[in-house]
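>>> just need the structure, nothing else, for what follows:
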Amino acid sequence: MSNSIEIILVGILVCACCALPGTFLVLRGMSMITDAISHTVLLGIVIGFFISNNLNSPLIIFFSVVVGLFTVWFTELLHNTNLLNKDSAIGVVFPILFSIAVLLITKFAKNTHLDVEHVVFGEIAFTPFDRIETLNYDFGPRAIIVLLVIFIVNLIVILLFYKEFIVSTFNPEYAKIIGFSPIFMHYLLMSLVSLTSVGAFKSVGVVLVIAFMVGPTLTARLITNKLSLLIVFSIIIGTISSIIGYFLAIYFDVSISGMQATVVGIIFLIVFVFSNKIRI
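Residues are numbered from 1 along each chain as shown. Now for the predicted structure:
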């Protein structure tokens, strides 16, 4: 498998991982929480790295999910005081946690490749060189293996709790009546968002995580309101953006993840203009 195909495959897996929880985030009107979590999980990555001194340690995933959930909890705590609306609370919480992580990186992690540039844009072009090799067998790029596992986890959780996610998204009061907790479903979804963010973080950075978590689903909503089609179209739109963005980035010699995110926005604008004619 060539390096180009592996890079494109990483982008496709990122969009597939993001589409599953991202669809429910958009339907719940929580798109901006993606921006917050995708930034603040950096603090979890830093904490996990300082403890394990290994960027591939499971502790990084654990602390990232914890920080992601803390971001949601802290945001809702501020919002529930009635002194701040939800957007303002998010605007307070995530810059604080993200800036703490940036300060820790610049102060104590200067000799690692965990730097601010890679935080924003990732290093998708280098993913083919970080491989899992054991017993003289090459299993492929680490990013592909990690993202594939995350996709399977997201898919299993979504399938197991599909009805619960639907009910708690559209009618949380009815969810309470029939016997399951909307709060549990809320934090389960936030756990998937945090897990997906940290899994994609190293490869593609903050920019593409946000773009793929929200952009394809918003575009798909202009085409259909059917939930199953919404998820499928989100993955297809993300895949198209990933492929076109890669080749445009190579042609113009610019950031791959940045160009892929740009293509997501361009496709949204095109669909927005013609949405009345292509709606299903």
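
>>> what are the ranges of the strands in the chain?
With strands called from DSSP state E, the chain shows them at 131-134, 137-141.

>>> comparing those strands, which comes out most buried?
Greatest average neighbour count among these goes to strand 137-141 (a mean of 13), per mean count of other C-beta atoms under 10 Å. C-beta here means a position set from N, CA and C on the backbone, and glycine is covered the same way.

>>> so what's the gap between it and the chain middle?
Relative to its parent chain, strand 137-141 has a centroid offset of 24 Å by C-alpha atoms, centre = their mean, to the nearest Å.

>>> rewinding a little: dump the strands of the chain into JSON lines; add mean pLDDT as well.
Below are the strands of the chain laid out as JSON lines (pLDDT from 0 to 100):
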{"stretch": "strand 131-134", "mean pLDDT": "84"}
{"stretch": "strand 137-141", "mean pLDDT": "86"}
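
>>> nearest to residue 173, of these?
strand 137-141 (45.5 Å; C-beta to C-beta).

>>> now the residue lying closest to residue 219 once chain neighbours are set aside: how far from residue 81?
Among residues not flanking residue 219 along the chain, residue 268 sits closest, at 4.6 Å (C-beta to C-beta, 6 or more residues apart in numbering). According to C-beta to C-beta, to the nearest Å, residue 268 stands 35 Å off from residue 81.

>>> quick one: pLDDT of the nearest residue to residue 187 once chain neighbours are set aside?
Leaving aside its chain neighbours, residue 187 sits nearest to residue 69 (6.2 Å; criterion: C-beta to C-beta, 6+ apart). Note on residue 69: pLDDT of 92.

>>> next: residue 26.
Note on residue 26: pLDDT of 92.

>>> of the strands of the chain, which is nearest residue 147?
Here strand 137-141 is closest among the strands of the chain (C-beta to C-beta), at 9.4 Å.

>>> tell me what the closest one is packed against?
helix 3-27, strand 131-134 (3 or more C-beta pairs under 8 Å, 6 or more residues apart in numbering; DSSP states H and E).

>>> mind checking how far the closest residue in space to residue 139 that isn't next to it in sequence is from residue 25?
With sequence-adjacent residues excluded and distances taken as C-beta to C-beta, 6+ apart, residue 139 is closest to residue 132, at 4.3 Å. Going from residue 132 to residue 25 by C-beta to C-beta gives 30 Å.

>>> list the contacts of residue 268.
215, 218, 219, 222 (C-beta atoms under 8 Å, 6 or more residues apart in numbering).

>>> and the two most separated of the residues you listed?
Going by C-beta to C-beta, the pair spanning the contacts of residue 268 furthest: 215 and 222, at 11.5 Å.

>>> which one's more surrounded, those two?
residue 215 (26 against 17; other C-beta atoms under 10 Å).

>>> before we move on, the earlier item: could you check the pLDDT of the residue nearest to residue 219?
The model's pLDDT for residue 268 equals 95.

>>> equivalent analysis for residue 119, please.
Confidence score, pLDDT, at residue 119: 62.

>>> now swap in residue 114 and tell me
60.

>>> same thing with residue 122?
pLDDT, residue 122: 69.

>>> so what touches stretch 26-39?
22, 25, 68, 71-72, 75, 86-87, 90, 93-95, 97-98, 169-170, 189-190, 193-194, 197, 201, 206, 209-210, 213-214, 217-218, 221, 227.

>>> select the longest helix from the chain.
helix 182-221 (DSSP state H).

>>> tell me what angle it forms with helix 3-27.
120 degrees (axes from the mean of the first three to the mean of the last three C-alpha atoms, to 10 degrees).

>>> may I see the buried residues of helix 182-221?
Neighbour-count burial for helix 182-221, counted by 16 or more other C-beta atoms under 10 Å, picks out 182, 185-221.

>>> circling back to that earlier point, lowest-confidence stretch among the helices and strands packed on strand 137-141?
For the helices and strands packed on strand 137-141, mean pLDDT drops lowest on strand 131-134, to a mean of 84.

>>> low-confidence ranges in this structure?
The model of the chain has pLDDT under 70 over residues 1, 109-122, 277, 279.

>>> what about residue 99, how many neighbours?
13.

>>> ok, it to residue 90 distance?
Distance from residue 99 to residue 90, by C-beta to C-beta: 15 Å.
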